[in-house]
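# Build me a structure from this.
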Amino acid sequence: MFRFAVGAQAEAYSAILHAFGEANENWETALGVDDIRSRLRSAGWFDALTDEDLAERLKKLAEWGLLDVVQNHAENYRTATEYERRNLHYSLTKTGEAAYAGVRHALAVLSGTGALQTAVLDAIADRLAELAGLLDDPGSADRRLFSAVREVEGHLEALRTGTTRFNGELQRLLRAEGADLAAFHEVKAATVAYLQEFVTNLDQRCHAVVAALSRVEEHGVEELHRRALRGADLPPTAGEHAAEDWLRHRRSRWDGLRCWFRPADGSTPRVDQLHTVARRAIVALLQVLDRITETRRHSSSAAADFRELARWFATADRDEDLHRLWSAAFGLGSARHAHLAHEDPELVAPSTPWAQAPRVRVSALLRSNGRTEKFARTGKVRDVSAVAALRASRARQERAELEAAWQRLATGGEVRLSAFGELEPGVFDRLLDLLGRALATREDSTGARRACTGDGRVEIVLRDPGDARSAQLRTSRGTLRGADYVVEVRLLTDPPDAEAVG
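As a prediction, this is how the structure comes out:
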């Protein structure tokens, strides 16, 4: 199919196919030799091309199955030359259309960039919610269902291609070593900010998509696709198997949607994997930024110094120069301690040779830092008993407040969320934390959502209310209104001793 794209004549073949592609976009299905020649210039071909060369290339494309050759019997010809020139018309075959589309897609991939767009997630959730609303209404139009299904598939394809391309660009960025450190630093810092903005509230957006997906599947995916098929208005020329192929393609796209957000086999959704990849990329980019910052902070690194020293050794001409370079580089011939005197100078006569003089103690800091040790009195140890007592008292107070909050929230069984009524701000914050942990989990086989606190001492079991009742929780800072869930808060372990905590 793509033999035209390789070889010495690839540009000419590609220009001819591009001319046919432009003609198809203008609903011109057949072109003559003169029409092809007039369109070659707009396709980017400006070299000279004789009639024989053009006919040879058209013949090759026809042999490869990319062009159909037909005779134009509706034309009136006045001369034999005009008949030979205008008799044959060429048109793209289905294989030729696929080859042209493949080349255009390849060029689009080369020029395109990936992106992590939260707007796509919001669009998928909105279209799924619209589908659920249309299925709730038996009188809704099948054509609107069809357009909503295709919009969901289009957004999913944009999410898939965008994330795949962005991940490839991200991995290439992590492996890249920029020549301009300033520009390199700016690109990586901007990428970190971009990733952090994407992962913010990603869980809430995915939860909205999963909730809308569940509403649609309650009505049945097969029923959705059957109604969408009626709204598709497939042409009668599509063939008897066109409807089955269309439904099979829709089921495949729907399985891809479930794979992204709620796989049927219980495996990890791809959007969670994307969240993990983004987090790891943020850490990796921050580490690279730290290394770049550290490199820019110091004028040179030890590795660069040793490489420069190695070049000096390689260019030295004599052994004497090598020894001098070694001594200068590593200080083996230095005499920093020559100014030091004996602890008792009166014991050493001025005329005593250095080889016979007693040894002088040399500080280890002299070679590393260039200064000798100085001994002083040991500093006083600060009395921290008062600070420790204050911290212990504060820890006992916080533990007591936490235990009081858990005792206040313990339900002793299933109750409605509205039963909590009015709560203190601290207790209300604990309840919100438990509700958030529960809503972020999936339902088990019984339809309940379960979550525990970080220390494993408190568990919450949350069930959907099953009705339209609403709950109202009041605090001194405001009022919270929402669904009246069925809640059960359990204390799993006994509280630890407050004295032991202190």
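# Let's verify residue 89: helix, strand, or coil?
strand (DSSP: H, G, I helix; E, B strand; the rest coil).
# Pretty sure it sits against residue 31.
Yes: Residue 89 lies in contact with residue 31 (CB atoms under 8 Å); the separation is 6.6 Å. (Glycine included, C-beta is placed from N, CA and C.)
# These two - which one has more neighbours?
Using other CB atoms under 10 Å, the more surrounded residue of residue 89 and residue 31 is residue 31, with 22 against 18.
# thought that one was touching residue 91?
Yes: Residue 31 lies in contact with residue 91 (CB under 8 Å); the separation is 7.2 Å.
# so what sits against both of those two?
residue 20 (CB atoms under 8 Å, 6 or more residues apart in numbering).
# Using PDB, list the CA coordinates for stretch 195-210.
The C-alpha trace of stretch 195-210 is given here as PDB (Å, rounded to 0.1, in the frame of the first residue of the first chain):
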ATOM      1  CA  LEU A 195       1.700  18.200  35.300                       C
ATOM      2  CA  GLN A 196       0.800  19.500  38.700                       C
ATOM      3  CA  GLU A 197      -2.100  21.400  37.300                       C
ATOM      4  CA  PHE A 198      -3.300  18.200  35.500                       C
ATOM      5  CA  VAL A 199      -3.200  15.900  38.500                       C
ATOM      6  CA  THR A 200      -5.000  18.500  40.700                       C
ATOM      7  CA  ASN A 201      -8.700  17.300  41.200                       C
ATOM      8  CA  LEU A 202      -8.000  14.500  38.700                       C
ATOM      9  CA  ASP A 203      -9.700  12.000  41.100                       C
ATOM     10  CA  GLN A 204     -12.900  14.100  41.300                       C
ATOM     11  CA  ARG A 205     -13.100  14.400  37.500                       C
ATOM     12  CA  CYS A 206     -12.600  10.600  37.100                       C
ATOM     13  CA  HIS A 207     -15.300  10.000  39.800                       C
ATOM     14  CA  ALA A 208     -17.700  12.100  37.800                       C
ATOM     15  CA  VAL A 209     -17.000  10.100  34.600                       C
ATOM     16  CA  VAL A 210     -17.500   6.800  36.500                       C
END
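# what mean pLDDT does that stretch have?
On average, the pLDDT along stretch 195-210 is 82.
# Now do that stretch: everything it contacts.
Counting by CB under 8 Å, 6+ apart, 116, 118, 121-122, 124-125, 128, 261-262, 269, 271-272, 275, 278-279, 281-282, 285, 439-440 sit against stretch 195-210.
# Repeat that for stretch 472-486.
Outside of stretch 472-486, the residues within contact range by CB under 8 Å, 6+ apart are 414-418, 420-425, 428, 431-432, 435, 462-465, 467, 469-471.
# now swap in stretch 55-70 and tell me
1, 3-4, 9, 12-13, 16-17, 20, 30, 33, 36, 88-93, 95-96, 99.
# Those residues in helices, which ones?
12-13, 16-17, 20, 33, 36, 95-96, 99 (DSSP state H).
# would you list those in JSON lines and tack on distance to residue 354 and pLDDT?
Shown next, in JSON lines, are the ones in helices among the contacts of stretch 55-70 (distance: CB to CB, whole Å; pLDDT from 0 to 100):
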{"residue": "12", "distance to residue 354": "90", "pLDDT": "74"}
{"residue": "13", "distance to residue 354": "90", "pLDDT": "72"}
{"residue": "16", "distance to residue 354": "94", "pLDDT": "77"}
{"residue": "17", "distance to residue 354": "92", "pLDDT": "75"}
{"residue": "20", "distance to residue 354": "97", "pLDDT": "76"}
{"residue": "33", "distance to residue 354": "104", "pLDDT": "71"}
{"residue": "36", "distance to residue 354": "100", "pLDDT": "73"}
{"residue": "95", "distance to residue 354": "96", "pLDDT": "82"}
{"residue": "96", "distance to residue 354": "96", "pLDDT": "76"}
{"residue": "99", "distance to residue 354": "91", "pLDDT": "79"}
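# Can you name the residues that contact residue 453?
With CB under 8 Å, 6+ apart, residue 453 has these contacts: 433-434, 437, 459.
# and the gap between it and residue 430?
9 Å (CB to CB, to the nearest Å).
# Residue 67 too?
For residue 67, the distance to residue 430 - CB to CB - is 73 Å.
# Any chance of the backbone angles for residue 484?
phi -90, psi 80 (degrees, to the nearest 10).
# how near is it to residue 33?
Where residue 33 is concerned, residue 484 sits at a distance of 77 Å (CB to CB).
# got it, and residue 485?
74 Å.
# can you check residue 355 too?
Noted for residue 355: a distance of 105 Å to residue 33, by CB to CB.
# Which of those two has more residues huddled nearby?
Per other CB under 10 Å, whichever of residue 355 and residue 33 has more neighbours is residue 33, with 18 against 5.
# The more buried one contacts residue 54, doesn't it?
Yes: in this structure residue 33 lies within contact range of residue 54 using CB under 8 Å: 6.5 Å.
# show me where the stretch 401-502 of the chain has strands.
Remark: strands assigned in the stretch 401-502 of the chain by DSSP state E, counting those that start in this stretch are 415-416, 448-452, 458-463, 470-475, 478-483, 486-491.
# quick one, which of those strands is nearest to residue 164?
strand 448-452 (31.9 Å; CB to CB).
# residues in contact with that closest one?
For strand 448-452, the external contacting residues (CB under 8 Å, 6+ apart) are 434, 437-444, 458-463, 492.
# relative to strand 458-463, how tilted is it?
Counting by axes from the mean of the first three to the mean of the last three CA atoms, to 10 degrees, strand 448-452 lies at 160 degrees to strand 458-463.
# Each with direction, which strands does strand 448-452 pair with?
strand 458-463 (antiparallel) (DSSP bridges).
# Quick check: next helix or strand after the helix or strand hosting residue 251?
In this structure, residue 251 sits in helix 242-261 according to DSSP states H and E. The helix or strand immediately downstream of helix 242-261 is helix 270-297, counting by DSSP H and E.
# Average pLDDT for that following helix, rounded please.
The model assigns helix 270-297 a mean pLDDT of 73.
# what's the following helix or strand after it?
According to DSSP H and E, the helix or strand after helix 270-297 is helix 302-315.
# tell me which strands and helices that next one is in contact with?
Contacts defined by 3 or more CB pairs under 8 Å, 6 or more residues apart in numbering; DSSP states H and E place helix 302-315 against helix 319-330.
# Now do the buried residues in the helix it packs on.
Buried residues in helix 319-330, defined by neighbour count with 16 or more other CB atoms under 10 Å: none.
# Tabulate the CA atom coordinates of it in CSV.
Below are the C-alpha coordinates for helix 319-330, written out as CSV (Å, rounded to 0.1, in the frame of the first residue of the first chain):
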residue,chain,number,x,y,z
ASP,A,319,57.9,13.2,32.9
GLU,A,320,59.1,16.2,34.9
ASP,A,321,56.0,18.2,33.8
LEU,A,322,53.8,15.3,34.8
HIS,A,323,55.3,15.3,38.3
ARG,A,324,55.0,19.0,38.7
LEU,A,325,51.3,18.8,37.6
TRP,A,326,50.6,16.0,40.0
SER,A,327,52.2,18.0,42.9
ALA,A,328,50.3,21.2,42.0
ALA,A,329,47.0,19.4,41.6
PHE,A,330,47.0,17.3,44.7
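# Out of the contacts of stretch 195-210, which end up buried?
With burial judged by 16+ other CB under 10 Å, the buried subset of the contacts of stretch 195-210 is 116, 121, 124-125, 128, 261-262, 269, 271, 275, 278, 281-282, 285.
# hmm, which two among those residues are most spread apart?
Pairwise over the buried ones among the contacts of stretch 195-210, using CB to CB, the maximum falls at 128 and 285, 33.0 Å.
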